[in-house]
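Q: could you work out the structure for the sequence below:
(chains A, B, C and D)
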2 protein chains.
Amino acid sequence: MNETTASSTQLLRQINSDALLRFALQEQVFTAGEAMAVTGLTRATVLGVCDGLVDAGWLEEVDDSQAVGRSLKGRPARRYQLREAAGVVVGLDAGESYFTTIVADLRGRELGTRRQSIDSHALGRSGRGACARELIRLTLHDVGRTLDDVLLTVVGVPAPIDANGRSPEGKFWQLMNSGFASHLQGMVVVENDANLAAVAERAHEPSANQATLLTGERFGAGLIVDGRLLRGPRGGAGEMRFLDTLTAGKFVPDEGGTDGFGALARKWARSRIHSYEGKTMLRQMPEGEIKAEDVFQAAREGDPFAEDIIARLGARLARIAVVLSSLLDIERVVIAGGISRAIEPVLEHARILLPTETGLPLPELIASRFGAEVVVKGAIESALTQIKAEPNAFLPRAARS
Amino acid sequence: MNETTASSTQLLRQINSDALLRFALQEQVFTAGEAMAVTGLTRATVLGVCDGLVDAGWLEEVDDSQAVGRSLKGRPARRYQLREAAGVVVGLDAGESYFTTIVADLRGRELGTRRQSIDSHALGRSGRGACARELIRLTLHDVGRTLDDVLLTVVGVPAPIDANGRSPEGKFWQLMNSGFASHLQGMVVVENDANLAAVAERAHEPSANQATLLTGERFGAGLIVDGRLLRGPRGGAGEMRFLDTLTAGKFVPDEGGTDGFGALARKWARSRIHSYEGKTMLRQMPEGEIKAEDVFQAAREGDPFAEDIIARLGARLARIAVVLSSLLDIERVVIAGGISRAIEPVLEHARILLPTETGLPLPELIASRFGAEVVVKGAIESALTQIKAEPNAFLPRAARS
DNA sequence: GTGGATTTATTTGGATCTTATATTTAGGTC
DNA sequence: GACCTAAATATAAGATCCAAATAAATCCAC
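A: Residues are numbered from 1 along each chain as shown, chains lettered A, B, ... in the order given. The predicted model follows:
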């Protein structure tokens, strides 16, 4: 397959080829002249490298019949573009209760997507793996591709992931990180879901220092500092179990530490509605059926009980923001996940609570625009980033016919 | 001086030259054969590159009259070593009340060191700059070098430093970050002192994730995550002002946030000795003269009042350790600076307080072995790291005669 | 000492890749 | 069709590395 170590003589070609391919991954179509400007190489060299990339199946020359808007003097330039059939990337959000896939081309355009509810605990590890394989196969089929077309699959799971794709011990984590590499074809990268959300946010709004909180049912944070994603030797960067520990003023095994805002809103509502003395519309429904959405909805309608819960979430968020801002110089805190659509009132509360008198720069608190698709979009983005980082480590599908 | 962008043809030579130079910076003496094994290049190539490095003034061939312990068969290998006169690096700890310098050779051997008390507030910015220049000149003179021999000077200051070496607004920070680049000769890099301490600790005990707390008078932390130093766009990574904010349960402008353990021990002792009801030997001295060392000393002798302060420091440290461990997957927390010699009792208290029942991995709490010299040692280490990262960006002093 | 044996240095030729400089080519314009 | 222009191609030259052959330096056995 790929030569492990190219001879030193060919290293230069490799470097130039990578650079050109990186450029190609960004542009729609490009001419040798444009590539020359970017890479600093000679025309002859660029064309030579392009030849190689066409041979390898990465690029194709585009017939310039529709040379629209080109400068009309001189010999027309040959134009290249990424070969459509070179391959696709697959993103999979392998959550606890649903899977979401996206198949995208190498320029990041979404070709197809699917979503499916699953029961992880019934399926077990191998069941999750098989289910993932089937859902990906279906999505590929939707868009007329096969598993062989996939250059890289990135899977997001709700578990800490270390640099080798492994998770710490723990039944839930081992279930979530279901050994996808053995079930899926080709190159597979497993990543923490909140980290992928952070990658999606970074792509959408580049900022060197931002935290993305994935905080629906469970709580996870993806930290990007100095433009890089933090991981930690056990994949534990971004855990926030310290929160209750600290605020309690003493070290208690926390309860809410792993709960996301959605879960907290529900739990707080159910457990406090008895002792609450005022009026609240939430009393109209059976206690066991109150959901997070009901709380947010009630708050929007001015229900004081619900508003109190919103305020508590805001206070919690403000504490997190203060810690992140102070300790890591975080500039933006993004709330992501399905809950982001309803989170604005919480953000407003939190913004009020941020301490202004300390002279410190305040972090921006915003809601993600990706909704429930953050993780899978981040998976696509992550796949593309990895391919761009080392294009020649991936073999394009179906070299020249 | 240094060509900005080498022609692409010469890039390969540059890469190989860098790799070889990196190797040379680690070894005492080396033969072409050893370099071949490391770089994977041919003998002819290695010798060619070595020729170039000798010409450039980086290497010198060592006469093998004392070929001790070499394999005794065959033609003796030519042996090279880093040229002693190629240059030195300078580290400067530019603290608030004293300066410390070290001059080291390119292999990190300490050649000379000086230390001087200063009054920063009397000197002002330019006074600090001039003082630094003079102290460095003297230290170089001690070891028979001149300012021209310096390849790189790294300066540690007690202020946040962004990627461009600048500090945020603030009288104290601007005073500390005194514009050293304009006062010193050659290439100068300014860095936060705690960050340099962290670099020193990483060099001493490599660990991908560790925090180094510089906590004598002021408080600062250097965070190393995934092997890299965290900085932040404003250089604010590692600030810990959130501590009191959080523990107070509400957002109050903190008081102790910027105080180190030394300062806290002193302040707490002075402010609480009145209300303390038991016996304590610290009452024997005037309240305004109690120093941190006195508190630590009294605690060692079993004084309950002092022990209580130690315990409070331990609780504080434990909280910090829990946050760092949880949020950044930090494995080791190192207490560095002059105070590290006396800090062990605090560490013992803190270790007891770390929550064991959560199933989380506990961070190791240890005292630095570098004492008051961490920062300046880290400066040297940082300088060498930078030179190793891009050797050819530095011109060796005095090419071949 | 002299002649292997051994290891390294040096030389030589060839291959790859890049650059620089013509020369040709493909379009448009007049 | 002559002319213009910018790009493609062709050619020569330079840089670098590798592989193989040759030369050198040292030890050791005799």
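
Q: per the annotation, how does chain A divide into domains?
A: Chain A breaks down into these domains under automatic domain parsing: A:8-82, A:87-186+A:376-393, A:206-368.

Q: for the last one, what is the average pLDDT?
A: Looking back up the chat, that one is domain A:206-368. Averaging pLDDT along domain A:206-368 gives 86.

Q: gap between that domain and the chain center?
A: Relative to the centre of its chain, domain A:206-368 is centred 20 Å away, using C-alpha atoms, centre = their mean, to the nearest Å.

Q: quick check: end-to-end length of it?
A: 13 Å (C-alpha to C-alpha, to the nearest Å).

Q: and what of the first one?
A: Looking at domain A:8-82, the gap from its leading to its trailing residue is 27 Å under the measure C-alpha to C-alpha.

Q: is there any residue in it that contacts DNA strand C?
A: Yes: judged by C-beta under 7 Å from any atom of the strand, domain A:8-82 comes into contact with DNA strand C at A:9-10, A:12-13, A:16, A:40-42, A:44-45, A:48-49, A:72-76. All C-beta atoms are positioned from the backbone trio N, CA, C, and that covers glycine.

Q: and the gap between A:Leu282 and A:Ser340?
A: 22 Å (C-beta to C-beta, to the nearest Å).

Q: show me which of those two is the more surrounded one.
A: Counted by other C-beta atoms under 10 Å in any protein chain shown, A:Leu282 and A:Ser340 do not tie: A:Ser340 has more neighbours, with 25 against 20.

Q: which of the domains of chain A sits closest to B:Arg266?
A: domain A:206-368 (23.7 Å; C-beta to C-beta).

Q: how many neighbours does A:Gln28 have?
A: A:Gln28 has 10 neighbours, counted by other C-beta under 10 Å.

Q: can you tell me which residues contact the closest residue to it other than its chain neighbours?
A: Spatially, and ignoring its direct neighbours in sequence, A:Gln28 is nearest to A:Gln81 (6.4 Å; C-beta to C-beta, 6 or more residues apart in numbering or on different chains). Neighbouring residues of A:Gln81 by C-beta atoms under 8 Å, 6 or more residues apart in numbering or on different chains: A:24, A:27-30, A:59-60, A:62.

Q: same check on A:Gly108?
A: If you count contacts by C-beta under 8 Å, 6+ apart, then A:Gly108 has A:380-381, A:384 around it.

Q: how about a cut-off of 10 Å?
A: A:25-26, A:89, A:203, A:377, A:380-381, A:383-384 (C-beta atoms under 10 Å, 6 or more residues apart in numbering or on different chains).

Q: inside helices: which ones of those residues?
A: Using DSSP state H, the members of the contacts of A:Gly108 that fall in helices are A:25-26, A:203, A:377, A:380-381, A:383-384.

Q: about what we covered before: which among the contacts of A:Gln81 end up buried?
A: In these, burial by neighbour count holds for A:24, A:30, A:59-60, counting by 16 or more other C-beta atoms under 10 Å in any protein chain shown.

Q: restricted to strands, list those.
A: A:30, A:59-60 (DSSP state E).

Q: reformat the residues you listed as a markdown table; add pLDDT and distance to A:Glu191.
A: What follows is those, written out as a markdown table (pLDDT from 0 to 100; distance: C-beta to C-beta, whole Å):
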| residue | pLDDT | distance to A:Glu191 |
| --- | --- | --- |
| A:Phe30 | 94 | 31 |
| A:Leu59 | 95 | 29 |
| A:Glu60 | 93 | 31 |
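
Q: ok, which stretches of the stretch 1-150 of chain A are helices?
A: Under the criterion DSSP state H, counting those that start in this stretch, the stretch 1-150 of chain A contains helices at A:8-26, A:32-39, A:43-56, A:120-142.

Q: nearest spatial neighbour of the residue in the stretch 151-300 of chain A that DNA strand C sits nearest to, chain-adjacent residues omitted?
A: Minimum separation of the stretch 151-300 of chain A from DNA strand C (C-beta to the nearest atom of the strand) falls at A:Leu151, amounting to 23.1 Å. With C-beta to C-beta, 6+ apart as the measure, A:Gly87 is the residue that lies nearest to A:Leu151, at 4.0 Å, once sequence neighbours are left out.

Q: counting neighbours, what do you get for the one you found?
A: A:Gly87 - counted by other C-beta under 10 Å - has 24 other residues nearby.

Q: that one contacts A:Leu384, doesn't it?
A: No: counting by C-beta atoms under 10 Å, A:Gly87 sits too far from A:Leu384 to count as a contact (11.5 Å).

Q: list the contacts for the closest residue to DNA strand C within the stretch 101-250 of chain A?
A: Using C-beta to the nearest atom of the strand, A:Leu106 is the residue of the stretch 101-250 of chain A that sits closest to DNA strand C, at 22.6 Å. Neighbouring residues of A:Leu106 by C-beta under 10 Å, 6+ apart: A:21, A:24-25, A:58, A:82-84, A:86-89, A:151, A:383-384, A:387-388, A:391, A:394, A:396.

Q: ok, A:Leu20 next?
A: A:Leu20 touches A:30, A:32, A:35, A:38-39, A:41, A:45-46, A:49-50, A:52-53, A:58-59, A:80, A:391, counting by C-beta under 10 Å, 6+ apart.

Q: can I assume the residue of the stretch 151-300 of chain A closest to DNA strand C sits in a strand?
A: Yes: according to DSSP: H, G, I helix; E, B strand; the rest coil, A:Leu151 belongs to a strand.

Q: any idea how far chain B is from it?
A: From A:Leu151 across to chain B, the span is 26 Å (C-beta to the nearest C-beta, to the nearest Å).

Q: what about A:Gln386, neighbour count?
A: 18.

Q: make sure it is actually in contact with A:Gly91.
A: No: the criterion here is C-beta under 10 Å, and A:Gln386 misses it with A:Gly91 at 11.9 Å.

Q: intersection of neighbour lists for those two?
A: By C-beta under 10 Å, 6+ apart, the residues touching both A:Gln386 and A:Gly91 are A:152, A:154.

Q: and the helices of the stretch 1-150 of chain A as CSV, adding distance to B:Leu123 and mean pLDDT?
A: Formatted as CSV, these follow (distance: least, C-beta to C-beta, whole Å; pLDDT from 0 to 100):
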stretch, distance to B:Leu123, mean pLDDT
helix A:8-26, 50, 93
helix A:32-39, 49, 94
helix A:43-56, 56, 95
helix A:120-142, 65, 97
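
Q: can you check which of these gets nearest to A:His183?
A: Comparing the helices of the stretch 1-150 of chain A by C-beta to C-beta, helix A:120-142 comes nearest, at 3.3 Å.

Q: which other helices and strands does that closest one contact?
A: strand A:88-94, strand A:98-105, strand A:110-117, strand A:150-157, helix A:171-176, helix A:180-183 (3 or more C-beta pairs under 10 Å, 6 or more residues apart in numbering or on different chains; DSSP states H and E).

Q: so which of the domains of chain A is nearest B:Lys291?
A: domain A:206-368 (28.9 Å).

Q: look up how far DNA strand D lies from the closest residue to A:Gly95 other than its chain neighbours.
A: Computed as C-beta to C-beta, 6+ apart, the closest residue to A:Gly95 that is not its neighbour in sequence is A:Pro158, at 6.2 Å. Distance of A:Pro158 to DNA strand D, given as C-beta to the nearest atom of the strand, to the nearest Å: 47 Å.

Q: quick check: angle from the host helix or strand of A:Val374 to strand A:88-94?
A: Using DSSP states H and E, A:Val374 falls within helix A:374-389. Computed by axes from the mean of the first three to the mean of the last three C-alpha atoms, to 10 degrees, the angle separating helix A:374-389 from strand A:88-94 equals 140 degrees.

Q: buried ones in helix A:374-389?
A: A:374-384, A:386-387.

Q: what of stretch A:222-239?
A: Buried residues in stretch A:222-239, counting neighbours by 16+ other C-beta under 10 Å, are found at A:222-226, A:229-239.

Q: am I right that A:Ala318 falls within a helix?
A: Yes: assignment of A:Ala318 by three-state DSSP places it within a helix.

Q: my guess is it contacts A:Thr356. True?
A: No: with contact defined as C-beta under 10 Å, A:Ala318 does not count as touching A:Thr356 (11.7 Å).
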